[in-house]
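Colleague: Sequence first, predicted coordinates after that:
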Amino acid sequence: MKNLILPVAFVSYLSVFAQTIDEGLKYMDIEQYANARKTFYTLANKTPQTAENLYYLGDYYIVMSGIDSSLTKEYLDSAKAAFIKAKAIDPKYAMNLVGLGTIKYLARDWDSSKVYYENAIKMGKKNARTYAKIGEGYLYKGKKDIDVAIPQIAKACELDAKNTDYMILLGDAYLIKDEGNATRAVKQYDMAVAANPKLTKAHIKKGKIWIQARNYKAALDDYNKGVSADPGYAPAYRERAELYFKLKDYRDKASAEYKKYLEMSDGNYKSKARYASILYKNNEYKAALDQISALFKINPDDRALYRLSAYCAYELGAASKDTVEYKALFSKGLADINKFIELTKDTSKLILYDYEYLGKLMIRNGMDSLGFIQVMKAFRMDSTRFDIFKDLATQLNDAKKYKAAGDAYSVYFKYKKPGLNDLLSWGRCYYNAENFVLADTVFNQIIKQKPTEILGYKWRALANDRIDKDGKSGIAIPHYTKYLELANADPAKYKNDIIRAYTYMGKYYLNTKEFKKSKEYWQKIAAIDPADQNAQIVLKQLKDVK
């Protein structure tokens, strides 16, 4: 029931009913639905039974049918049973006809609904509640019958001008009718606050209007006023949590605020799922997974939960340094994302992030090639998201999956020109993956971009050194030579790499039997580090060379 816009119309602190009914309505208002049900159920089963008590139980079920859509039919069946029983007890009690009319209206049986409503007015034409509840019934379908709803609610306000619930209900109707213009709605909410300064609900409704206008500061002001007026009004914390999440400076408060709402209210399934989503978006992945785990016990087939669980498992695993932990998380994440896809009948509903996380989870589970295919699917859905590959490369490099990290950089830099540090990171991925030819190609780009940058020559030399593993081709010599020209300007700083350059050259000339030239390089090493064992050994062998 996506269009059910009002949790309940008459839920404030009414004085015209018995106190126990008033308590039940208050529980509904602060979203403690279990306590509300207990109250209304107890009242409805009192001896003797009354039509009024049965009506409120039925109305409770109507409200719940919109809150938990998985049980809509069961709730409406229970509501109908309560109204029929009440009608049998007191056929002249108009409100039960209103309830039966609303059930027909929700079932799209417009003609029958209209008959019930008309008969209810005949019985209770001087009763403000009758008109207000009929108006509320029409609001359940949003704009469809708004022109019918408004006169009914206005009549209720005329008959009971001091009732703040009717003022708010009329404001809700105006908000639907005057799309894009909230003037009349705000006026009604202000009237309600003037009549009852502690009426938090009116402040919250005004705040939501400001949010639609993207005036978040004004919205926060109204929300804060609402919480100050009645700190026990649970929905205010939920709405403030949602607003905090929109505001970057307050985002860290969002999950705490939502948690407070859940503690104060019943914390229905939908709200708990939303809380898990906020925890994920707030980078609180462990807390989100704990919440998801609890929700799975209630509904193990919730498709959206598997998606969220997979996302959280990946992020938590990527942040973990514990091998056992992150392997378990990546395994769980892959199982969850696969389950989510299995439950998704229409694959056209899969979004970019589904393919992105599927790909990253596959790669983290050793399926690099298949994983890249999925990440590429994500990228094709939005070619501006080439940052996917940079993030992936960084994480894969941290996980020591160097070849995959280098390949991710390769895709990324097709769309964004790399800087010197980017090239160094990219080249070192291939170097650490022992793909020295590709590494050399990348390091060469550093030199082209900045010919005076010493790191380009150093890493080209190192890559070619590893390509020439037997030290017989000498392909690293030009790069070491250029490196040494720059490094010898500060030999103390580059001592170890200078020794490595001389070592390569010494070995090469030793292999080519140019012993005199080889000896020169070993002597240079010994001059820098007399304790170098390689130099000591070779110089002993070449002591007679002149």
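Modeller: Perfect, I can see it now.

Colleague: who are the neighbours in contact with the closest residue to residue 382 other than its chain neighbours?
Modeller: In this structure, residue 382 finds its nearest non-sequential neighbour in residue 352, 5.6 Å apart by CB to CB, 6 or more residues apart in numbering. From N, CA and C alone the C-beta is placed, and that goes for glycine too. By CB atoms under 8 Å, 6 or more residues apart in numbering, the contact list for residue 352 reads 378, 381, 382, 385.

Colleague: Point out the ones among the residues you listed that are inside helices.
Modeller: Residues of the contacts of residue 352 located in helices (DSSP state H): 378, 381.

Colleague: are any of the contacts of residue 352 buried, and which?
Modeller: By neighbour count, with 16 or more other CB atoms under 10 Å, those hold 378, 385 as buried.

Colleague: So which of the contacts of residue 352 is the closest to residue 183?
Modeller: Using CB to CB, residue 382 comes nearest to residue 183 of the contacts of residue 352, at 39.4 Å.

Colleague: where does this protein dip in pLDDT?
Modeller: 1-19 (pLDDT under 70).

Colleague: And the longest helix along it, what's buried?
Modeller: Longest among the helix segments of the chain by residue count, using DSSP H, is helix 323-343. Using 16+ other CB under 10 Å as the test for burial, helix 323-343 gives 326, 329, 330, 332, 333, 334, 335, 336, 337, 339, 340, 341.

Colleague: between those, which is closest to residue 115?
Modeller: Using CB to CB, the buried residues of helix 323-343 come closest to residue 115 at residue 340, 46.2 Å.

Colleague: That closest one contacts residue 311, correct?
Modeller: No: counting by CB atoms under 8 Å, residue 340 stays clear of residue 311, with 9.7 Å between them.

Colleague: what's stretch 259-278 in contact with?
Modeller: By CB under 8 Å, 6+ apart, stretch 259-278 touches 30-35, 67-68, 232, 234-235, 237-238, 241, 245, 254-255, 258, 288, 291-292, 294-295, 298-299, 302, 304-305, 308.

Colleague: what about it, distance to the chain center?
Modeller: Relative to its parent chain, stretch 259-278 has a centroid offset of 14 Å by CA atoms, centre = their mean, to the nearest Å.

Colleague: So what would you say the end-to-end distance of it is?
Modeller: 10 Å (CA to CA, to the nearest Å).

Colleague: Then stretch 360-377?
Modeller: Taking CA to CA, stretch 360-377 runs 12 Å from one end to the other.

Colleague: Kindly report the same for stretch 386-405.
Modeller: Criterion CA to CA; first-to-last residue distance in stretch 386-405 is 14 Å.

Colleague: again with stretch 486-500
Modeller: 15 Å.

Colleague: so how far is that stretch off the chain centroid?
Modeller: Centroid separation between stretch 486-500 and its chain, computed with CA atoms, centre = their mean, is 50 Å.

Colleague: in that stretch, what counts as buried?
Modeller: The neighbour-count check on stretch 486-500 (16+ other CB under 10 Å) flags 486, 487, 494, 497, 498, 499, 500 as buried.

Colleague: which helices and strands does the longest helix of the chain pack with?
Modeller: helix 303-319, helix 352-364 (3 or more CB pairs under 8 Å, 6 or more residues apart in numbering; DSSP states H and E).

Colleague: now the buried residues of stretch 486-500 as CSV including distance to residue 169 and secondary structure?
Modeller: Shown next, in CSV, are the buried residues of stretch 486-500 (distance: CB to CB, whole Å; DSSP: H, G, I helix; E, B strand; the rest coil):
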residue, distance to residue 169, secondary structure
486, 79, helix
487, 80, helix
494, 79, coil
497, 78, helix
498, 83, helix
499, 84, helix
500, 81, helix
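
Colleague: So which bits of the strand or helix carrying residue 117 are buried?
Modeller: Using DSSP states H and E, residue 117 sits within helix 110-123. Buried residues in helix 110-123, counting neighbours by 16+ other CB under 10 Å, are found at 113, 116, 117, 120, 121, 123.

Colleague: I'd say the fifth one and residue 131 touch.
Modeller: Yep, that's residue 121 we're talking about. Yes: the pair residue 121 / residue 131 is scored as a contact, 7.3 Å apart, by CB under 8 Å.

Colleague: Just the contacts of stretch 259-278: which are in strands?
Modeller: Among these, no residue falls in strands (DSSP state E).

Colleague: Among the residues you listed, which ones are in helices?
Modeller: The helices, defined by DSSP H, take in 33-35, 67, 234-235, 237-238, 241, 245, 254-255, 258, 288, 291-292, 294-295, 298, 304-305, 308 from those.

Colleague: Any of these buried? List them.
Modeller: Buried by 16+ other CB under 10 Å: 33, 35, 67, 234-235, 237-238, 241, 245, 254-255, 258, 288, 291-292, 295, 305, 308, out of the ones in helices among the contacts of stretch 259-278.

Colleague: list the helices and strands the helix or strand residue 37 falls within packs on?
Modeller: For residue 37, the element it lies in under DSSP H and E is helix 33-44. Judged by 3+ CB pairs under 8 Å, 6+ apart, helix 33-44 is in contact with helix 19-29, helix 51-67.

Colleague: what residues are up against the closest residue to residue 333 other than its chain neighbours?
Modeller: Leaving aside its chain neighbours, residue 333 sits nearest to residue 313 (3.4 Å; criterion: CB to CB, 6+ apart). By CB under 8 Å, 6+ apart, the contact list for residue 313 reads 285, 289, 329, 330, 332, 333, 336, 361.

Colleague: could you measure residue 313 against residue 359, distance?
Modeller: Counting by CB to CB, to the nearest Å, the gap from residue 313 to residue 359 is 15 Å.

Colleague: Equivalent analysis for residue 532, please.
Modeller: 48 Å.

Colleague: More neighbours: which of these two?
Modeller: A count of neighbours by other CB atoms under 10 Å puts residue 359 above the other of residue 532 and residue 359, at 25 against 18.

Colleague: So that one is in contact with residue 379, correct?
Modeller: No: under the criterion of CB under 8 Å, residue 359 makes no contact with residue 379, lying 9.5 Å away.

Colleague: how about the helices and strands packed on helix 323-343 in CSV, adding distance to residue 147?
Modeller: Below are the helices and strands packed on helix 323-343 laid out as CSV (distance: least, CB to CB, whole Å):
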stretch, distance to residue 147
helix 303-319, 36
helix 352-364, 42
